[in-house]
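Trainee: Predicted model follows, preceded by the sequence.
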Amino acid sequence: MAPEQLQGAAAGPAADVYSLGVVFHQMLAGAPPFGGQTLMEVLSQQLVAVPPRLPSACSALQPLCDAMLAKEPRQRPANADAVLARIAALQDDFLPSPAGPSGKRWSL
């Protein structure tokens, strides 16, 4: 649940981006970004904790992950299309060559 939802605000695209950021972090790091022994600890971490660092192999994705997990909705990418655009901008950092196995350029 996005921080603004925990504070009683309605969910919007920014809350979806936050939730995607949680999944994104877990996929890259192997663990959720915020934890605790109780539900209240986890929820409070979502309100105040800085997102943890990703493994060094994923460091190029840290700025995107941090943006998606920003506490303030206006600091997150506006929607899923904005997230995809940022991933596409990083594409060259992760592809070994300009073409995929089929000989065609990979795209999102």
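Mentor: Arrived safely.

Trainee: pLDDT weak spots in the protein?
Mentor: 92-108 (pLDDT under 70).

Trainee: And the helices in the chain, which stretches?
Mentor: With DSSP state H as the criterion, the chain has helices at 3-6, 13-29, 39-48, 62-68, 80-94.

Trainee: I am assuming residue 42 contacts residue 35, so please confirm or correct that.
Mentor: Yes. Residue 42 is in contact with residue 35 according to C-beta atoms under 8 Å; the separation is 6.3 Å. Using the backbone N, CA and C atoms, a C-beta is placed for each residue, glycine as well.

Trainee: so who does residue 65 touch?
Mentor: Residues near residue 65 by C-beta atoms under 8 Å, 6 or more residues apart in numbering: 21, 24, 25, 28, 33, 51, 54.

Trainee: and with 10 Å instead?
Mentor: 21, 22, 24, 25, 28, 29, 33, 51, 52, 53, 54, 58 (C-beta atoms under 10 Å, 6 or more residues apart in numbering).

Trainee: Buried among those residues? Make that a PyMOL selection.
Mentor: Per 16 or more other C-beta atoms under 10 Å, the buried members of these correspond to this PyMOL selection:
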select buried, resi 21+22+24+25+28+29+33+51+52+54+58
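
Trainee: Include distance to residue 11 when you put the contacts of residue 65 into CSV, please.
Mentor: Output for the contacts of residue 65, formatted as CSV (distance: C-beta to C-beta, whole Å):
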residue, distance to residue 11
21, 14
22, 14
24, 18
25, 19
28, 24
29, 25
33, 19
51, 20
52, 24
53, 28
54, 26
58, 28
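
Trainee: With adjacent residues omitted, what lies nearest to the residue nearest the centre of the chain?
Mentor: Computing the C-alpha centroid of the chain and ranking residues by C-alpha atoms, centre = their mean puts residue 21 first, at 2.5 Å. Nearest residue to residue 21, sequence neighbours excluded (C-beta to C-beta, 6 or more residues apart in numbering): residue 68, at 2.8 Å.

Trainee: give the contact list for that neighbour.
Mentor: Per C-beta under 10 Å, 6+ apart, neighbours of residue 68: 14, 17-25, 33, 51, 61, 75-77, 82-83, 86.

Trainee: neighbours of the nearest residue in space to residue 47 that is not next to it in sequence, just the number please.
Mentor: The shortest distance from residue 47 to any non-neighbouring residue, by C-beta to C-beta, 6+ apart, is to residue 3 (5.2 Å). By other C-beta atoms under 10 Å, 19 other residues sit near residue 3.
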